[in-house]
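Visitor: any chance you could fold what I've pasted below:
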Amino acid sequence: MKLRFTSTARADIAAILSRIAEGNPTAASSVAATIKATVARLRSFPFIGAETDDRGVYMRIARPYHYLIFYQIVDETVIVRNVGHPARRRPPGP
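Guide: Here you go, the predicted structure:
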């Protein structure tokens, strides 16, 4: 499977790592490696995540940090849509 990140997902990851790096650069590297490994696993096992209430959107937890990776499977591509932490507030919907 191919792997693609939306611009939103890229911005989410950049913001997460920037926020963590302010206080602990080593932890930011560890979180980055965990997110990367979790996403890489989706290429081999795309249906490993749980389907969300939004049909066709799956969620996988990047453990042990509990970051939520939301993605879709389109043709032969895993598209990472968003990355966030459940402790952070989500923006209101449309």
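Visitor: residue 20 - nearest residue in space that isn't next to it in sequence?
Guide: Distance criterion Cβ to Cβ, 6 or more residues apart in numbering; nearest residue to residue 20, sequence neighbours excluded, is residue 28 at 4.1 Å. Where you see a C-beta, it was placed from the backbone N, CA and C, and this is true even at glycine.
Visitor: unless I'm mixing things up, the one you found is touching residue 21, no?
Guide: Yes - contact criterion Cβ atoms under 8 Å: residue 28 and residue 21 qualify, at 3.8 Å.
Visitor: rounded mean pLDDT for stretch 18-36, please.
Guide: Averaged over stretch 18-36, pLDDT sits at 96.
Visitor: what's the burial count for residue 64?
Guide: Residues within reach of residue 64, counting by other Cβ atoms under 10 Å, total 9.
Visitor: hang on, it in a strand?
Guide: No - according to DSSP: H, G, I helix; E, B strand; the rest coil, residue 64 belongs to no strand; its state is coil.
Visitor: what's near enough to touch the nearest residue to residue 62 once chain neighbours are set aside?
Guide: Leaving aside its sequence neighbours, residue 62 sits nearest to residue 38 (Cβ to Cβ, 6+ apart; 4.1 Å). Under the criterion of Cβ atoms under 8 Å, 6 or more residues apart in numbering, the neighbours of residue 38 are 60, 61, 62, 63, 67, 69.
Visitor: most widely separated two among those residues?
Guide: Pairwise distances across the contacts of residue 38 (Cβ to Cβ) peak at 10.9 Å, for the pair 63 and 69.
Visitor: please say which of those two ends up with more neighbours.
Guide: Taking neighbours as other Cβ under 10 Å, residue 63 and residue 69 compare with residue 69 leading, 23 against 9.
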